[in-house]
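*Asks:* Quick check, what structure comes out for this input:
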Amino acid sequence: MSHHVVLGLFLTAAALSAPAAASEWGCEVLLCASSSNPSWRGVSACHPPMNRLISAMKKPGFDWPTCPEAGTGSPGHERYADCPEGYQVGSRGDRNGFAREGDLCVKTVNICQGRTHGLYSSDRQRSCIQTVSISRPLRSEPYYFDIRNDTSGQTERHWFGLNR
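*Replies:* Coordinates of the predicted model:
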């Protein structure tokens, strides 16, 4: 049974339970957010609950609508994508000296490799080692739900974005 069928059953159960309104909306959000092919933007039935969510997030005191029947709670959020191969996550300091949350990708390179000018002094060799950095890429879909597949027992991560 696909997770969409399972979530569909959760939606039905949510509609029949007592605190239906909030729970039903939370289950609709979960179902739509976990839709990957097409994403929720390609499913017309997902536009009302997701647009309602996007509007609600702008208001003070926002609480993510949850779907207790699915056991997922609020989604996770990772602003940055993985660094390219060979780079590690680093941080740029702000004006107050505090490091920002992993906003750079950095690697150490030897800029003198391949040059053959005889022997180097140890000072010269040290000056060959430099750290290069690039801005860490942002995720287009920074939110995720980890949904347990009851059939396989595996947890699958479903990424989604909230830009319309």
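*Asks:* after the lowest-mean-pLDDT helix or strand in the chain, next one along is what?
*Replies:* When the helices and strands of the chain are scored by mean pLDDT, DSSP states H and E, helix 3-16 comes last with a mean of 43. Where DSSP states H and E defines the elements, the next helix or strand beyond helix 3-16 is helix 20-33.
*Asks:* mean confidence for that following helix?
*Replies:* Averaged across helix 20-33, the pLDDT comes to 85.
*Asks:* Stretch 49-61 now?
*Replies:* Average pLDDT, stretch 49-61: 95.
*Asks:* now stretch 77-95
*Replies:* If you average the pLDDT over stretch 77-95, you get 87.
*Asks:* Would you check how far apart Gly76 and Gly26 are?
*Replies:* To Gly26, Gly76 is 16 Å away according to CB to CB, to the nearest Å. From N, CA and C alone the C-beta is placed, and that goes for glycine too.
*Asks:* So these two - more neighbours on which side?
*Replies:* In terms of neighbours (other CB atoms under 10 Å), Gly26 is the more surrounded of Gly76 and Gly26; the figures are 26 against 13.
*Asks:* hang on, isn't that one packed against Cys67?
*Replies:* Yes - in this structure Gly26 lies within contact range of Cys67 using CB atoms under 8 Å: 4.3 Å.
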